[in-house]
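Peer 1: Show me the folded form of this:
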Amino acid sequence: MAPTHSERRPHTAGPHTVRPHLARRTLLRGGAAALGAAGALGAAGCSRVPTGDTLARLKSQGIVRLGIAGEAPYGYINDQGEFTGEAVELAKVIFGRLGVGKVQPVATDFSSLIPGLNSQQFDCVSAGMYINKDRCAQVVFADPEYQMLDSFLVKKGNPLGLTSYQDVKAKKARIATGTGYAEIDYAVAAGIPEKEIVILQDPVAGLNAVEAGRVDVFAGTALTGREVVRNSARVEATAPFAPLVDGKKKIDGGGFAFRRLDAELRDAFNVEIHTMKQSGELFRILKPFGFTASEMTTLTAEELCR
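Peer 2: Next up, the predicted model:
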């Protein structure tokens, strides 16, 4: 998903039936009215957000505006026309315990999430956003609720034996990934010229490209890789692996982002996240959206911000 993990947000129809939560970085289909209402709510709030204790304000209002990017499995509209996703469901639980009764998802393009947060269109953001140094200069992150490795979509049997970006480089394999994905940087770090990387809409398009033989490999996250191949007879996902960047293994983590002035709200959120990690409740919420126990993490935002 990854984006520089714009990862993570588009759709091509393919011959396979793919579960709704596979579309990464997809605008919410069938949800134009919902998006319009949500966008109006966000815009209306821009000029009326008071200063002071943000959590106290949210409790008083009884609602928190959550910036999402319309991407499964993080935040999206399901077949019943309801907002759901790991971020949405997690936000409902945590903000409920903080005394805020309602979560209002506000959908926008992934690239607009941090600017929208800082211009007060939302109160926080969660959209499969990786925590990294550049983003940490703009917002404050809660500790990640998950960690993520990469995986490749390849033909059944992995005939070229591709298990790393270095393999792709050495074997001159044709590689594709998604728009704005962090995997672009990982491929470049392995010595693959950026101009040789095919950019596709999402993993569904990547699956189709590998099946058709237009590319040898589609690079994405392990989560989306294993989900998108479920119904494919011709493509498989490789075992998860950590990309090498400057000789070091890179493990990404995704978490909720808050305005830099709202560090106290972030801290209160973190208390709940850690309690849920220790009890196993966090995994129980994320598991229905395709996450595995191996993707639960003890990484901190401080570590990922370095």
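Peer 1: For the rest of this, base every contact and every neighbour count on C-alpha atoms.
Peer 2: OK.
Peer 1: What's the biggest helix in the chain, counting residues?
Peer 2: Identified as the longest helix of the chain according to DSSP state H is helix 263-279.
Peer 1: who's in contact with it?
Peer 2: The contact list for helix 263-279 (C-alpha atoms under 8 Å, 6 or more residues apart in numbering) reads 54-55, 94-95, 98, 140-143, 145, 257-258, 282-283.
Peer 1: Can you add distance to residue 235 and give these back as a markdown table?
Peer 2: As requested, the contacts of helix 263-279 are exported to a markdown table (distance: C-alpha to C-alpha, whole Å):
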| residue | distance to residue 235 |
| --- | --- |
| 54 | 48 |
| 55 | 47 |
| 94 | 38 |
| 95 | 40 |
| 98 | 44 |
| 140 | 39 |
| 141 | 36 |
| 142 | 36 |
| 143 | 34 |
| 145 | 29 |
| 257 | 35 |
| 258 | 39 |
| 282 | 31 |
| 283 | 28 |
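Peer 1: re the thing from before, next SSE downstream of the longest helix of the chain?
Peer 2: helix 281-286 (DSSP states H and E).
Peer 1: name the helices or strands packed onto that following helix?
Peer 2: Other helices and strands packing on helix 281-286, by 3 or more C-alpha pairs under 8 Å, 6 or more residues apart in numbering; DSSP states H and E, are helix 86-97, helix 263-279.
Peer 1: how far out from the middle of the chain is it?
Peer 2: Put simply, helix 281-286 sits 16 Å off its chain's centre (C-alpha atoms, centre = their mean, to the nearest Å).
Peer 1: next SSE after the helix or strand where residue 183 lies?
Peer 2: Residue 183 belongs to helix 182-189 when assigned by DSSP H and E. Following helix 182-189 in sequence order, the next helix or strand is strand 198-200 (DSSP H and E).
Peer 1: Parallel or antiparallel, which strands does that following strand pair with?
Peer 2: When sheet partners are counted by DSSP bridges, strand 198-200 sits next to strand 175-178 (parallel).
Peer 1: ok now the partner strand, how far from the chain's centre?
Peer 2: Using C-alpha atoms, centre = their mean, the offset of strand 175-178 from its chain centre is 17 Å.
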